[in-house]
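need a structure here:
(one chain, ligands or ions: 2)
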Amino acid sequence: MDVVMTIAGADSGGGAGIQADLKTFQELKVFGTTVITALTAQNTLGVQGIFPTSPDFVLQQLTSVFSDFHVKAVKTGMLFSAEIIEVIANYLQQKDVQLVIDPVMIAKGGESLLQKEAVDALKNTLLPIATVLTPNIPEAEVISGIKIENEDHMTKAAHTMLQYGVQCVVMKGGHSKELNTATDKVYLADGTSFSMISKRIHTKHTHGTGCTFSAAITSFLARGLSLKEAMIEAKKFVQLAIENPLNIGHGHGPTNHFAYQQRKGQYEVIVDES
Ligand SMILES: Nc1ncnc2c1ncn2[C@@H]1O[C@H](COP(=O)(O)OP(=O)(O)O)[C@@H](O)[C@H]1O
Ligand SMILES: Cc1ncc(COP(=O)(O)OP(=O)(O)O)c(N)n1
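Ligands and ions are numbered 1, 2, ... in the order given. Prediction:
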């Protein structure tokens with residue numbers, strides 16, 4: 001059984017963070033371990049409270065898991081502070097793992113999940129050791145310092161982020177103004193790129209989409225898929241999870257992690273290499 005790890009915040013409402021990651025891991029048949037960086041009191045209406053873990057206790061969790069398991073791939077989500085990021089980067093740079101970074105900054109309701117002064121630590125310590133970075137458009141703007149209003153800006157921002165040493169940047173299109181499609185553009189360090197295009201679902205039930213997508217990439221990488229195959233299959237996982245909502249909660253409801261196993265044969269992501 002392939003072992004993976006999520007280093008992220010817990011979402012008491014179960015739709016994002018550690019909980020979304022573990023549900024994704026379970027559905028994709030990898031064994032999930034966790035390092036919790038913060039507890040959040042959260043539901044589909046928003047984040048009501050944050051209780052960060054101490055950096056020392058983050059290190060203790062990393063040590064417990066790595067001293068016992070052979071972890072093949074790790075993803076990070078909500079990291080909260082520069083101190084926590086530095087502990088994680090120092091620890092992971094000694095390990096031979098594939099590292100997927102979802103640079104979680106702001107929850108849908110507008111609450112900050114990463115302190116402003118932590119962005120530099122993310123860029124300078126985690127990106128150089130990462131395999132994949134999965135920013136949404138607002139996160140890409142913060143990391144690259146480039147305002148993204150068209151495809152040229154997106155390409156420039158991706159190349160700026162690749163310069164920090166990460167091997168692949170996936171610009172997620174959930175926040176773009178495209179009406180009919182949700183396109184994620186993948187930029188690789190060798191200068192190539194491709195787009196993954198799916199139908200845009202008009203729904204408010206998108207809580208945890210970014211967490212679910214990055215957890216799916218992590219699972220498929222651990223199972224031995226190539227970077228490109230892992231991205232495409234993860235895009236399919238999140239598409240089906242959005243397309244088949246559970247309709248629970250009173251706000252932005254969670255996605256449906258069961259849908260991929262039930263319907264994966266019925267949907268293909270369009271890949272554009274031009
Ligand atoms: N309304 C939607 N319809 C289809 N796919 C979507 C939709 N919203 C987001 N996605 C997809 O979900 C994944 C996460 O994207 P995004 O929502 O931008 O991330 P985040 O949760 O970090 O803001 C991406 O693959 C994106 O294309
Ligand atoms: C604990 C925790 N981690 C991450 C997020 C953000 O998740 P994301 O997938 O970006 O989804 P939304 O916040 O956009 O719904 C979170 N809310 N909580």
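
pLDDT of the helix or strand containing residue 72, averaged?
Assessed by DSSP states H and E, residue 72 sits inside strand 71-76. For strand 71-76, mean pLDDT is 98.

just stretch 80-93 next, same as before
pLDDT averaged over stretch 80-93 gives 98.

put the alpha carbons of it into CSV.
Output of stretch 80-93 as CSV, limited to C-alpha atoms (Å, rounded to 0.1, in the frame of the first residue of the first chain):
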residue,chain,number,x,y,z
PHE,A,80,-0.5,29.4,8.6
SER,A,81,2.9,30.9,9.6
ALA,A,82,6.5,31.3,8.4
GLU,A,83,7.7,29.4,11.5
ILE,A,84,5.6,26.3,10.6
ILE,A,85,6.8,26.5,6.9
GLU,A,86,10.4,26.7,8.0
VAL,A,87,10.1,23.6,10.2
ILE,A,88,8.4,21.7,7.4
ALA,A,89,11.0,22.7,4.7
ASN,A,90,14.0,21.9,6.9
TYR,A,91,12.5,18.5,7.6
LEU,A,92,11.4,17.6,4.1
GLN,A,93,14.6,18.7,2.3
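
quick one: contacts of it?
Residues from elsewhere that reach stretch 80-93, judged by C-beta atoms under 8 Å, 6 or more residues apart in numbering: 7, 9, 35, 37-38, 50, 52-53, 55-56, 58-59, 62-63, 66, 74, 76, 79, 99, 113-115, 117-118, 120-122, 125-126, 129. (Glycine included, C-beta is placed from N, CA and C.)

does it reach ligand 2?
No. Taking C-beta under 6 Å from any ligand atom as the criterion, stretch 80-93 and ligand 2 are apart, separated by no less than 9.4 Å.

how much space between residue 79 and ligand 2?
10 Å (C-beta to the nearest ligand atom, to the nearest Å).

could you report the neighbour count for that residue?
Using other C-beta atoms under 10 Å, residue 79 has 31 neighbouring residues.

in what helix or strand does the residue nearest to it when sequence neighbours are not counted lie?
Sequence neighbours aside, residue 85 is the residue nearest to residue 79 in space, at 5.1 Å (criterion: C-beta to C-beta, 6 or more residues apart in numbering). For residue 85, the host element (DSSP H and E) is helix 82-92.

got the buried residues for that helix?
For helix 82-92, the neighbour count (16 or more other C-beta atoms under 10 Å) marks 82-89, 91-92 as buried.

tell me the strands beside the helix or strand following it, with direction?
On the C-terminal side of helix 82-92, the nearest following helix or strand under DSSP H and E is strand 98-101. Strand 98-101 has its sheet partners listed here by DSSP bridges as strand 71-76 (parallel), strand 132-133 (parallel).

go through these and name the closest to residue 207.
strand 71-76 (17.7 Å; C-beta to C-beta).

next, see if that closest one gets close to ligand 2.
No. Taking C-beta under 6 Å from any ligand atom as the criterion, strand 71-76 and ligand 2 are apart, separated by no less than 10.4 Å.
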